[in-house]
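Engineer: Show me how the following folds:
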Amino acid sequence: MKKLIYLFFALNSLAVSAQEKIKLTNLTKSELPKGISYKGNLKEAVRWTDESGVNLVITCETEEAVSITAPSEDYWEKYLFAHHYLLFEDSIRQTWKVTDYIKECPLDIAADFVKNTFQVTDLDKDGIAEVWMMYLLTCTGDVSPAAMKIIMYEGTQKHAMRGENKVDIGNGEFVGGDYKFDKAFNQAPVAFRDFAMKLWNANVKAKWY
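Structural biologist: Next comes the predicted model:
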């Protein structure tokens, strides 16, 4: 009898874990639903289903280009974007969009997602996914820290962690690496901040050059 009870709870635990796990489907450019458009180069295209419905997130980056708002052709700009959609049988609804950029830069420029940091989780196990992205922004002519951000959405609630990456300025001496949570992160479950700090620390030495 005890073995049967143990087996019941073990199977029930596995069932709950299976419900909490979010299954992701990666899409190619040709597999995107009709009506989805974007600027630049596609970096991520991921679909999943949670309590809110069928979700789609795409991220993309533009190439470096002459800044259209600058006084001469010696200035550059670069953009990155992230779009979230809910997919219905007969329609598509965009629920949020992230846009960031460097403009009018006469030096070395970057506006790049940090490789392998895009993630979809359900850390608070409420059935609504959290979408994580991390990227660097800089306009510089020397070896100095770049602005670094983690942006996370749960539903339509945005959370931001902002700071700078850590760079080696010689002889093993590093500068940078500081960060600050916004109000939404500070009021969120501890699991969100713990995950953000782990993601930050794992990529704080990310290079943009």
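
Engineer: Can you verify my assumption that I58 contacts R47?
Structural biologist: No - I58 is not in contact with R47 according to Cβ atoms under 8 Å; the separation is 9.7 Å. In short, each C-beta sits where N, CA and C put it, glycine included.

Engineer: which residues does the residue nearest the centre of the chain bridge with?
Structural biologist: With distances taken as Cα atoms, centre = their mean, the residue of the chain nearest its centroid is M133 (0.9 Å). Taking DSSP bridges as the rule, M133 bridges to I151.

Engineer: mind listing what it touches?
Structural biologist: T59, A82, V98, F113, T117, F118, I150, I151, M152 (Cβ atoms under 8 Å, 6 or more residues apart in numbering).

Engineer: Poorly predicted segments of the protein, please.
Structural biologist: Within the chain, the ranges that satisfy pLDDT under 70 run 1-21.

Engineer: Do a quick rundown of the helices in it.
Structural biologist: Along the chain, counting by DSSP state H, helices occupy 2-20, 183-187, 190-203.

Engineer: packing partners for the second one?
Structural biologist: When you say that, I think you mean helix 183-187. strand 157-164, helix 190-203 (3 or more Cβ pairs under 8 Å, 6 or more residues apart in numbering; DSSP states H and E).

Engineer: what about K198, distance to Y79?
Structural biologist: To Y79, K198 is 28 Å away according to Cβ to Cβ, to the nearest Å.
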